[in-house]
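Engineer: below: sequence and its predicted model.
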Amino acid sequence: MSTAPALDPAHTALLVMDCQPAILALLPEGGALLDRVEAAIADVRASGGTVAYVRVGFTETDWDAIPATNKSFAPVAQHRLMHHEDPAFAIHERLAPQEGDITVRKIRYGGMSTTDLDQRLRERGITTLVVSGVSTSGVVLSTVLDAADRDYLLHVLSDGVADPDAEAHNVLLQHVFPTRATVIDTAQLRALLRAD
């Protein structure tokens with residue numbers, strides 16, 4: 001059980017990252033993950049916290065700007081994959097943003113490196129991030145490392161992140177994230193939001 005202090009909802013944002021139908025389809029447990037992230041969103045909303053969505057999607061201009069040297073994204077550009085208007089790359093309908101939420105579109109792994117997410121969070125006084133999404137070794141890892149360098153207080157939802165590679169997922173949760181974040185589950189999140 002985590003010994004993390006209570007979360008102040010006024011300064012806390014839940015990041016919901018890459019929860020898009022085409023990406024969730026890569027996970028055998030995609031439906032169960034959706035259930036848990038949906039519950040976390042409801043808990044953060046009920047406490048008065050912020051929900052911020054990050055999704056990946058490319059325009060023609062984005063594809064054209066990807067250099068052939070980019071091992072991860074050059075094939076995306078070459079085959080014109082993940083178009084930003086493709087419904088398979090929209091935020092999953094069960095997790096649909098509401099008025100007042102933050103939504104950004106990224107074109108690399110990290111949630112902050114190619115977006116104005118950091119600025120928008122700072123404008124709201126957000127100092128604590130609770131991280132969820134797919135995949136643990138992609139957007140979650142990149143965003144946790146970046147956000148740690150930006151001095152956010154970080155929590156990673158152990159049951160709110162997933163990866164097609166179970167070994168990479170486990171190594172990150174057990175050995176890497178604890179050096180930069182507090183690893184909690186969705187039940188602990190609920191308790192931390194309700195603690196006095």
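Structural biologist: Alright, I've got the coordinates.

Engineer: pLDDT weak spots in the protein?
Structural biologist: 1-3, 196 (pLDDT under 70).

Engineer: can you do 50?
Structural biologist: Applying pLDDT under 50 to the chain flags the ranges 1.

Engineer: what's the single longest helix in it?
Structural biologist: helix 30-47 (DSSP state H).

Engineer: list the buried residues of it.
Structural biologist: 30, 33-34, 36-41, 43-45, 47 (16 or more other CB atoms under 10 Å). All C-beta spots, glycine's among them, are computed from the backbone N, C-alpha and C.

Engineer: check stretch 135-149 too.
Structural biologist: For stretch 135-149, by 16+ other CB under 10 Å, it's 135-148.

Engineer: and the nearest residue to Ser137 once chain neighbours are set aside, how many neighbours?
Structural biologist: Distances taken as CB to CB, 6 or more residues apart in numbering put Ala168 closest to Ser137, at 4.4 Å, once the chain neighbours are dropped. As a burial measure, Ala168 scores 16 neighbours (other CB atoms under 10 Å).

Engineer: what separates Ala168 from Val140, distance-wise?
Structural biologist: 11 Å (CB to CB, to the nearest Å).

Engineer: so what does the residue nearest to the spatial centre of the chain have for phi and psi?
Structural biologist: Nearest residue to the geometric centre of the chain (CA atoms, centre = their mean): Met17, 2.9 Å. For Met17, the backbone dihedrals (degrees, to the nearest 10) come out as phi -120, psi 130.

Engineer: so it is in contact with Val54, correct?
Structural biologist: Yes. Using CB atoms under 8 Å, Met17 makes contact with Val54 at a distance of 4.2 Å.

Engineer: tell me where this structure has strands.
Structural biologist: 12-17, 50-56, 102-106, 128-134, 153-162, 182-184 (DSSP state E).

Engineer: ok, which of these comes nearest Arg194?
Structural biologist: Proximity to Arg194 (CB to CB) singles out strand 12-17 among those, at 12.5 Å.

Engineer: who are the packing partners of the closest one?
Structural biologist: Secondary structure elements in contact with strand 12-17, counted by 3 or more CB pairs under 8 Å, 6 or more residues apart in numbering; DSSP states H and E, are helix 30-47, strand 50-56, strand 128-134.

Engineer: give me the angle between the first one and strand 50-56.
Structural biologist: Interaxial angle, helix 30-47 versus strand 50-56 (axes from the mean of the first three to the mean of the last three CA atoms, to 10 degrees): 150 degrees.

Engineer: quick one: contacts of helix 30-47?
Structural biologist: 7, 9, 12-14, 16, 19, 24, 27, 50-51, 92, 94-95, 98, 130, 132-134, 157, 159-160, 162, 186, 189-190, 193-194 (CB atoms under 8 Å, 6 or more residues apart in numbering).

Engineer: repeat that with 6 Å
Structural biologist: 9, 14, 24, 51, 94, 132, 159-160, 162, 186, 189-190, 193 (CB atoms under 6 Å, 6 or more residues apart in numbering).
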